[in-house]
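[1] here's my sequence, what's the structure:
(4 chains)
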Protein chains: 4
Amino acid sequence: MAQLKDHEGAVGFIGLGNMGAPMAANVLAAGFEMVVFNRTTSKAEPLVAKGARRVERAGDAARPNGVTITMVADDAALEELVLGEPALARRMAPGGIHLSMSTVAPATSRRLARAHADAGSVYVAAPVFGRPDAAAAKRLSICTSGPERAKAAVRPLLDAMGQRVFDFAEDPGAANVVKVSGNFLIAAALEAIGEALAMVEKSGVDRVAAIEMLSSTLFACPVYQGYGAAIAHQRFTPAGFRMALGLKDVELALRNGAEVKAPMPTASLVRDRFLSALAKGRGEMDWSAVALGAFEDAGLKPPG
Amino acid sequence: MAQLKDHEGAVGFIGLGNMGAPMAANVLAAGFEMVVFNRTTSKAEPLVAKGARRVERAGDAARPNGVTITMVADDAALEELVLGEPALARRMAPGGIHLSMSTVAPATSRRLARAHADAGSVYVAAPVFGRPDAAAAKRLSICTSGPERAKAAVRPLLDAMGQRVFDFAEDPGAANVVKVSGNFLIAAALEAIGEALAMVEKSGVDRVAAIEMLSSTLFACPVYQGYGAAIAHQRFTPAGFRMALGLKDVELALRNGAEVKAPMPTASLVRDRFLSALAKGRGEMDWSAVALGAFEDAGLKPPG
Amino acid sequence: MAQLKDHEGAVGFIGLGNMGAPMAANVLAAGFEMVVFNRTTSKAEPLVAKGARRVERAGDAARPNGVTITMVADDAALEELVLGEPALARRMAPGGIHLSMSTVAPATSRRLARAHADAGSVYVAAPVFGRPDAAAAKRLSICTSGPERAKAAVRPLLDAMGQRVFDFAEDPGAANVVKVSGNFLIAAALEAIGEALAMVEKSGVDRVAAIEMLSSTLFACPVYQGYGAAIAHQRFTPAGFRMALGLKDVELALRNGAEVKAPMPTASLVRDRFLSALAKGRGEMDWSAVALGAFEDAGLKPPG
Amino acid sequence: MAQLKDHEGAVGFIGLGNMGAPMAANVLAAGFEMVVFNRTTSKAEPLVAKGARRVERAGDAARPNGVTITMVADDAALEELVLGEPALARRMAPGGIHLSMSTVAPATSRRLARAHADAGSVYVAAPVFGRPDAAAAKRLSICTSGPERAKAAVRPLLDAMGQRVFDFAEDPGAANVVKVSGNFLIAAALEAIGEALAMVEKSGVDRVAAIEMLSSTLFACPVYQGYGAAIAHQRFTPAGFRMALGLKDVELALRNGAEVKAPMPTASLVRDRFLSALAKGRGEMDWSAVALGAFEDAGLKPPG
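    Reported below is the predicted structural model:
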């Protein structure tokens, strides 16, 4: 049985959604004893079958001096866990570490880090890049920030879930700043690819060939290859990451930009595209369907 | 001495600038007999030293049934060569092939292809991706479009200059469509990186570390790595590609978009950034300095 | 002494800022008995000198079946009044009318209207257009929405404060929708005027003469005349309406647009300009200084 | 018979379109002897019936020391008249005045003014604001720039066509700068109104009532009243000013902005909307239909 130095006993995991479930499975596979919680209890069953223990209330996945990982939907859900009843912040004191892996606002991480500190526990931000298949394959990239000692303590868990860890020092919001920047850059690329391919298409040129050329040379990287092909082929279902989540992430970037007074006009443009996609009933499509805005503006009919 | 099938004799090369000079040198190194022309004659000297013959007038680098490569500054310069006096279109007839490698508007390629056809010669569009160092190292990516037979004939020359050739069928404008799309995508990425890093910086997070993380994972490709580092370190001189050329290329994208009625709002945004950069006296900087707009809007002082 | 039908006794007025003070003075001058509250108590003195009664707590400006007017800074302040302790919503029950004249989100009005209805009192939205001098001169334009009977009851008060009342039916959020639309249109005009005059200036043409021409013909209306002159002369202090309030109002428009899924790209652009103005330290300037963004992008130095 | 001081004889008028015809009629009605030209000759008949003399070639509407008014479609048509054969610039020398009333680029006016000066004649720019009904009613607003003496000489003609003349000094491009700025401001207002009313509509509020309120108070001026009603009622045919002309005028603003390095992001946004409107087949609608872009982005169906 694997053990974390100074933090013995079962690792808690709250939030077994598309991302959380494979991440928890990898922690379990690495030999850690686990206590898991999910609101939809059926999601816990595969983990229970492999030896995890399911608890009835989120708070029961946390205990003094323990480590609890959270991977939940949004800032509100995370705040409810930390500050609601029973509050993780208190439940984990003294000495417990909350390894917070959801994509939330930097300001949320900073606020929750203070709440943990006040209560005698520790908050580590560790948002991830990667989609569910990458989570399953332990190929996540993980950004961390928070107290050095706590980050060192949870490192074996991070290594169980991801292929690389990038640290951004002690400010608990820093890792989230990088995460929302990255998701903004992806969203900006989706829009730019949409504009480029709508123009290519209306110029009578093969849009699939065009993006294949570009994404095998200058842009030979996962974002342009994966999403470029999806946009060129107009394959937006099933959603790997739903439209509303895309909007949420761009809003996180814009809200953080507003707080620090850094205008982000490309983010504004993309946000408007997401709103339009939702207005047109594309809520169930992958967020890369945001590129359809450029196609429609050019008078091209969307698929379906 | 290397020879092209059906097109014997010296290969012409017009335009020995930052890109043209190393490209011509590679053709020469591949064993082709060459006739070269450049307005600033000193640029031809290194090639002459290696065996190329310099001619006094651009037209003299072309002859019936020959192959002439052009790599000139802009649409106007190329039009003047093809349609002015002595007009390449006629000078190369019958049967000569004009291998046009400059970045020009798709509409320009189509118009010049018709002029060549009317005169009895052939136009092949073959714009390239890559900067001068890539040209020197034969690592250019070359997009081609035009008559199949002519493209096959000049293939040994393309192989002498680049590492990969991507073909886009017979429409002579098609290769240029892909080229301007690609340059637009780069410009869009420059702007997005600028916005992301300005927000990162004002959030108190290390912008160099942030872009290194992103460009070694999701965005592990030349554009984000090279330009991302330049923007994070605010290193914009010496210019690899000057600001005014960046504006020119985005204008090519917008103009083509206007012709085919495909609006490109990100291109519009970036064009405004280029204009502002020029208004602020950044004409001698690399086009990646377009990212300074986002920094300044966030109240950050530009370097220098 | 003036009296409202069915709602006898003193009229309450909460919020005696730049707008509230002259509005309250006009209600008093129309002969209504008044009870006033302001956090900074000195603001109440001129009204007390003319016969108003000052109360110590906001809640004391409200009573069952009475009418209380509020003119406060933002949504949070208004929510605190209605839902905090003592809650206006309950304090005014049964039958009291809350005449809510602040600029708040439509969603806030709807939520507070429900709270009032639940508590047995009534909420009427009545945001106003006009600056402090218009308030003093009874030249406000007032938009109303809410229950018909309550609107009829407070009509004498509206007539005491404004020159025209525009009704938008029963949805308590409707009047706020129109108000935020109007402020958005002003902000959009500020940006457009800035862009036009920056271009005029850099073209070597007299920008004051240009805006005088335009605002005496096609755009012969208060917004273009007043703000057009301010922008042309770059006269941004003292602030009639501070930059941060401009940002707040554009955010209200964007947030409402987001809720109903109506993208507003011009609002997005202007929001980014406001953020930049604040980043550059222009918080104390009038919101029309948002136009300086266009001047700076054109390489023109801002005043001062 | 009315006479111009120092420039006796018939006044020439070239270009009898929707605007030119009523303008020429007013000059004729003011008592001036006239020589008229239009490519579609039938357009000249009503004027001939009232005493004008029709000529076969445009050049015949010009003579040494005479005054010729032009009101043509675009820059290319005007350049052809002045520089083509027979060139007005030479035909009017010595001493003739070309009163150029079309909407053209400032750069075009400056270039043609030089051509006239070189040839011994004079160019006066005098673009107008107003639609055909305003032209018929002599309610045009006219902007002028050029040599003082020539402007004084043609003043009786301007007074015969418009209600007010606004002068912008000697730079022949200055009047055009103001004209394109004004048309840009109108286009920006169309877009902003569209965004505001789409948001209003989706908020469940009466969009006609909303714009009536706003355009009878803050925005009580022709642009918001006329176009506001058209947009709220979605009445875009018949076109008073066609979509393609709207695009042309916004492009004139953008091109002039590019020349003087003054970015105009709102103009860029509106240009993209015009392109999209044309892509969607709205070429025959009034340019105010550019506002449909905002409605569609919000998921609202356009009329028809």
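[2] is it true that residue A:158 touches residue A:141?
    No. Here residue A:158 does not reach residue A:141: they are 10.6 Å apart, not a contact under C-beta atoms under 8 Å. (Each C-beta comes from the backbone N, C-alpha and C, glycine too.)
[3] give the contact list for the closest residue to residue A:94 other than its chain neighbours.
    Nearest residue to residue A:94, sequence neighbours excluded (C-beta to C-beta, 6 or more residues apart in numbering or on different chains): residue A:120, at 4.5 Å. Shown in contact with residue A:120 (C-beta atoms under 8 Å, 6 or more residues apart in numbering or on different chains): A:90, A:93, A:94, A:95.
[4] one more time with 10 Å
    Shown in contact with residue A:120 (C-beta atoms under 10 Å, 6 or more residues apart in numbering or on different chains): A:64, A:89, A:90, A:92, A:93, A:94, A:95, A:96.
[5] give the residues shared as contacts by residue A:158 and residue A:141.
    Listed as contacting both residue A:158 and residue A:141 by C-beta under 10 Å, 6+ apart are A:128, A:164, A:165.
[6] residue A:185 and chain C, how far apart?
    Distance of residue A:185 to chain C, given as C-beta to the nearest C-beta, to the nearest Å: 18 Å.
[7] can you count the residues close to that residue?
    27 (other C-beta atoms under 10 Å in any protein chain shown).
[8] just to be sure, it is in a helix?
    Yes. Under DSSP: H, G, I helix; E, B strand; the rest coil, residue A:185 sits within a helix.
[9] now do the contacts for it.
    Shown in contact with residue A:185 (C-beta under 10 Å, 6+ apart): A:223, A:253, A:266-267, B:189, B:192-193, B:195-197, B:211, B:214-215, B:218-219, B:224, B:228.
[10] now residue A:121
    A:62, A:64-66, A:68, A:82, A:87-98, A:115, A:150.
[11] now with 6 Å?
    Listed by C-beta atoms under 6 Å, 6 or more residues apart in numbering or on different chains, the contact partners of residue A:121 are A:89, A:92, A:93, A:96.
[12] the second one: neighbour count?
    This means residue A:92. Using other C-beta under 10 Å, residue A:92 has 27 other residues around it.
[13] is it true that it touches residue A:61?
    No. The pair residue A:92 / residue A:61 is not scored as a contact, 10.1 Å apart, by C-beta atoms under 6 Å.
[14] and the shared contacts of residue A:158 and residue A:141, which of them are buried?
    Taking 16 or more other C-beta atoms under 10 Å in any protein chain shown as the criterion, what is buried in those is A:128, A:165.
[15] of the shared contacts of residue A:158 and residue A:141, closest to chain D?
    Of all the shared contacts of residue A:158 and residue A:141, chain D sits closest to residue A:128, with 32.5 Å by C-beta to the nearest C-beta.
[16] quick one: residues contacting the closest residue to residue A:247 other than its chain neighbours.
    Distances taken as C-beta to C-beta, 6+ apart place residue A:274 nearest to residue A:247, at 3.9 Å, with adjacent residues excluded. Taking C-beta under 6 Å, 6+ apart, we find residue A:274 in contact with A:246, A:247, A:290.
[17] as JSON lines, those residues with secondary structure would be great.
    Below are the contacts of residue A:274 laid out as JSON lines (three-state DSSP):
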{"residue": "A:246", "secondary structure": "helix"}
{"residue": "A:247", "secondary structure": "helix"}
{"residue": "A:290", "secondary structure": "helix"}
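[18] which of those ranks first by neighbour count?
    When neighbours are counted by other C-beta under 10 Å, residue A:290 leads the contacts of residue A:274 with 31 neighbours.
[19] was I right about that one contacting residue A:273?
    Yes. Using C-beta under 6 Å, residue A:290 is in contact with residue A:273, at 4.8 Å.
[20] quick one: the residue of the stretch 1-150 of chain A found nearest chain B from residue A:239, how far?
    Closest contact between the stretch 1-150 of chain A and chain B, by C-beta to the nearest C-beta, is at residue A:141 (4.4 Å). Counting by C-beta to C-beta, to the nearest Å, the separation of residue A:141 from residue A:239 is 21 Å.
[21] so which residue is smack in the middle of chain A?
    residue A:103 (4.5 Å; C-alpha atoms, centre = their mean).
[22] that residue is in what secondary structure piece?
    Counting by DSSP states H and E, residue A:103 is held by no secondary-structure element, helix or strand.
[23] what's the answer for residue A:13, then?
    Using DSSP H and E, residue A:13 sits in strand A:11-14.
[24] any idea which helix or strand comes after that strand?
    helix A:20-29.
[25] where does the residue in the stretch 51-200 of chain A positioned nearest to chain C land on pLDDT?
    Residue nearest to chain C within the stretch 51-200 of chain A (C-beta to the nearest C-beta): residue A:191, separated by 12.6 Å. You'll see residue A:191 listed with a pLDDT of 98.
[26] just residue A:272 next, same as before
    At residue A:272, pLDDT is 98.
[27] number of nearby residues for it?
    As a burial measure, residue A:272 scores 28 neighbours (other C-beta under 10 Å).
[28] wait, doesn't residue A:71 sit right on residue A:101?
    Yes. The pair residue A:71 / residue A:101 is scored as a contact, 4.9 Å apart, by C-beta under 6 Å.
[29] between the two, what contacts are shared?
    Counting by C-beta under 6 Å, 6+ apart, no residue touches both residue A:71 and residue A:101.
[30] what sits opposite the nearest residue to residue A:171 once chain neighbours are set aside in the beta ladder?
    Using C-beta to C-beta, 6+ apart and skipping the chain neighbours, the partner closest in space to residue A:171 is residue A:145 (5.7 Å). Under the criterion DSSP bridges, residue A:145 forms beta bridges with residue A:125.
[31] what's the local residue count around residue A:145?
    For residue A:145, using other C-beta under 10 Å, the count is 27.
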